[in-house]
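1. Could you work out the structure for the sequence below:
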Amino acid sequence: MFMQLLQILLVPLVFVFIAYYAGSRWGSKAGWLAFVALAYSTILTLLAGAQGGVSEYYYWKPIGLFGFNADGLSIPILFTIALLCTLLSIYSSVYMRHTIEDKKQFGMFYALYLLYSVGMMGAVLATDLIEFYLFFELMLIPSYFLIAKWGSGDRDRISFMYFMWTHIGALAFLAGILSIGYLTGTFDLGSIMTGAIPENLRLWIVVLMVTGLLVKMAAFGLHIWLPHAHAEAPTPISALLSPAMIGIGGYAIVRIVMSILPTAFLEVSTALTVWAVVTMFYGGAMALVQDDIKRLLAYSSISQMGYILLGISSVQVLGVSGAMFQYVTHGLGKGILFMVAGAIMLQADGLRSIRRMGGLAAKMPLTATAALLGFFTIMGLPPTTGFVSEFLIFAGSFHEAFTLGSTFRLALAFLGVVSTALTAGYSLWAIKRIFFGQLPPELSNVKEAPLTITGPILVLAAISIVLGIFPDIIERLLLPVVKLIVGG
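-> Predicted coordinates for the structure are as follows:
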């Protein structure tokens, strides 16, 4: 198709202006314009997957050559982002009515929403380090304004914290990018010659870039911003921040750091494995003690980034493939759960306290079913995608431990498996307290959310099951590219 990958970005970008002006007249109905643009991008992504991959290069005199690449590594990530953005455009058209009082503001909301979507998709498609960085930062700016304008709680302080933390992380990553460009004379991923980078600098460049990306992933110690930002962002934006945006940091580690400096990355892999396991335990333990449903899901996301980091740090084909598959799993599962949280808040007058819930399965059976499947997905239970992705992650971790003959790495892999008990714990505990038991009298009038809310949730649940039963849809794309990167 003519300019297929460029269209994936250009169509939503054009609709930024259309949605802005239409929103001032149509209010929340402008969400359907965003849906049309993003659905078109999703279809083009599926076509790229059916074609086995697509690459495009363009020349624009002010910046020179730039390009886009949809291959087996980027297509599953791109599809997850495009799908979530598409479904949430419908979801938000109803959900945001209780937040946006002046219907004219819907134009600004959807303009920023589309820009945010373009930033995420562009980062995944980028073939140039500077191009990647520009899209990476484009994700930050509209999401900052979306939180600052329509978030809850102390949104001014929280949005600023979110901006500063993630921007500092991006600057550390930029320092690594500029070092590579200066030493090799190019920023093009396909043209960078590792041999041009002095050996004594390679480890420092890896440390800079990985640290910056771990801030974006909210790994333990660099996670301070995430529970606040994801809990207080408007729920449709929380459902993009958590399932889609933070995982792009993991994708960038594989696509950029591991590809350019594989030997130096191997030197830090054991430290990253320790960091991953600590992140898994910390996120899971903190989720277990939360009463606010959105904060529970936010801490759960920290734990899930630990899973992704564990797979990447194994530096094995199975583990890295599992980590990228886990991005899809987390996108589907956490997308479901944040939208479920929003549905409950919408129908129960903004209720977020889990201790004040109970018995909602009788009142909201579709929402309860979807929540169950969402939690099953992040728990890694069959027949959802989580079972396959977690199996691959742990298989890669144990394989690396046995290959190295390292008792320490074997112990870390075992601890990673043990940490899944925390995921099961907070998931089952949340399901029991929210959907079962006695229904509080103040929730007696609660009913199922409208189809524009429940429909997108059920679509994600269905896709999680389909990909869990037929994981080869993803694996046949991922494995060949990961083998080239890892060298397996």
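2. which stretches of the stretch 301-450 of the chain form helices?
-> With DSSP state H, counting those that start in this stretch as the criterion, the stretch 301-450 of the chain has helices at 317-347, 360-363, 365-379, 385-404, 407-435.
3. Nearest to residue 284, out of these?
-> Shortest distance between residue 284 and these, using C-beta to C-beta, is found for helix 407-435: 3.0 Å. For the C-beta atoms, the positions are set from N, CA and C on the backbone; glycine is no exception.
4. quick one: average confidence on the closest one?
-> For helix 407-435, mean pLDDT is 96.
5. what inclination does that helix have with respect to helix 317-347?
-> On the basis of axes from the mean of the first three to the mean of the last three C-alpha atoms, to 10 degrees, helix 407-435 is oriented at 20 degrees to helix 317-347.
6. Residue 465 is in contact with residue 381, isn't it?
-> No. In this structure, residue 465 sits apart from residue 381 without contact. The criterion is C-beta atoms under 8 Å, and the distance is 11.0 Å.
7. what residues are up against the residue nearest the centre of the chain?
-> Centrality entry for the chain: nearest residue to the mean C-alpha point is residue 244, 2.2 Å, by C-alpha atoms, centre = their mean. Under the criterion of C-beta atoms under 8 Å, 6 or more residues apart in numbering, the contact partners of residue 244 comprise 80-81, 84-85, 120, 331, 335.
8. how does it look with 6 Å?
-> 81, 84, 120, 331 (C-beta atoms under 6 Å, 6 or more residues apart in numbering).
9. For residue 221, grab the count of nearby residues.
-> As a burial measure, the neighbour count of residue 221 was computed by other C-beta atoms under 10 Å and equals 12.
10. just checking, what packs against the strand or helix carrying residue 167?
-> With secondary structure defined by DSSP states H and E, residue 167 is part of helix 155-184. Contact partners of helix 155-184 among helices and strands, from 3 or more C-beta pairs under 6 Å, 6 or more residues apart in numbering; DSSP states H and E: helix 129-150, helix 199-217, helix 225-232.
11. can you tell which of those helices is closest to residue 348?
-> Using C-beta to C-beta, the nearest of those to residue 348 is helix 225-232, at 17.0 Å.
12. State the next helix or strand along the chain beyond the closest one.
-> helix 235-240.
13. Show me how far that following helix is from its chain's centre.
-> Distance of helix 235-240 from the chain centroid (C-alpha atoms, centre = their mean, to the nearest Å) equals 11 Å.
14. can you list contacts of the helix or strand following it?
-> In the C-terminal direction, the helix or strand that comes right after helix 235-240 (DSSP H and E) is helix 248-252. Among residues not part of helix 248-252, those counted as contacts by C-beta under 6 Å, 6+ apart are 77, 123, 213, 216-217, 308.
15. repeat for stretch 395-403
-> The set of residues that contact stretch 395-403 without belonging to it, under C-beta under 6 Å, 6+ apart, is 310-311, 314, 316, 318-319, 322, 409-410, 413, 416.
16. where in the chain is pLDDT low?
-> Along the chain, the parts satisfying pLDDT under 70 run over 61-63, 488.
17. what about stretch 119-128, distance to the chain center?
-> So, by C-alpha atoms, centre = their mean, the centroid of stretch 119-128 is 14 Å from its chain's centroid.
18. I meant stretch 266-282, not that one.
-> Here the centre of mass of C-alpha atoms in stretch 266-282, compared against the chain's by C-alpha atoms, centre = their mean, lies 19 Å away.
19. do the same with stretch 324-335
-> Using C-alpha atoms, centre = their mean, the distance from the centre of stretch 324-335 to the centre of the chain it belongs to is 7 Å.
20. Same check on stretch 228-247?
-> Taking C-alpha atoms, centre = their mean, the mean C-alpha location of stretch 228-247 is offset from the chain mean by 9 Å.
21. buried set for that stretch?
-> Within stretch 228-247, the residues that qualify as buried by neighbour count (16 or more other C-beta atoms under 10 Å) are 228-247.
22. And the residue nearest to the centre of the chain, how far from residue 16?
-> 18 Å (C-beta to C-beta, to the nearest Å).
23. what's the answer for residue 424, then?
-> When distance is defined by C-beta to C-beta, residue 424 is 42 Å away from residue 16.
24. what angle do the helix holding residue 167 and helix 225-232 make?
-> Computed by the same axes, to 10 degrees, the angle separating helix 155-184 from helix 225-232 equals 130 degrees.
25. out of the helices and strands packed on helix 155-184, nearest to residue 64?
-> Of all the helices and strands packed on helix 155-184, it is helix 129-150 that lies closest to residue 64, at 10.1 Å by C-beta to C-beta.
26. Who are the packing partners of the closest one?
-> For helix 129-150, the helices and strands in contact under the criterion 3+ C-beta pairs under 6 Å, 6+ apart are helix 105-125, helix 155-184.
27. quick one on the thing from earlier: just the buried residues of the helix holding residue 167, please?
-> Quick answer for helix 155-184 (16+ other C-beta under 10 Å): 155, 158-159, 161-163, 165-166, 169-170, 172-181, 183-184.
28. Same question for stretch 136-151.
-> Judged by neighbour count using 16+ other C-beta under 10 Å, the buried positions of stretch 136-151 are 136-140, 142-151.
29. Find out how far it is from the centre of the chain, if you would.
-> Shown here is stretch 136-151, whose average C-alpha point lies 15 Å from the average C-alpha point of the whole chain (C-alpha atoms, centre = their mean).
30. Going forward, the N-terminal residue is numbered 387.
-> Fine by me, first position is 387 from now on; the one you just mentioned is stretch 522-537.
31. quick one on the thing from earlier: export the helices of the stretch 687-836 of the chain to TSV and tack on distance to residue 479 and mean neighbour count?
-> As requested, these are exported to TSV (distance: least, C-beta to C-beta, whole Å; neighbours: other C-beta atoms under 10 Å):
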stretch	distance to residue 479	mean neighbour count
helix 703-733	12	28
helix 746-749	23	18
helix 751-765	18	23
helix 771-790	27	22
helix 793-821	25	18
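32. can you redo the ones you listed as TSV with distance to residue 672?
-> Supplementary listing: the helices of the stretch 687-836 of the chain in TSV, determined by distance: least, C-beta to C-beta, whole Å:
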stretch	distance to residue 672
helix 703-733	15
helix 746-749	24
helix 751-765	15
helix 771-790	20
helix 793-821	9
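33. Which one of the ones you listed lies nearest to residue 658?
-> Nearest to residue 658 among the helices of the stretch 687-836 of the chain is helix 793-821; the distance by C-beta to C-beta comes to 10.3 Å.
34. Okay then, goodbye and thanks.
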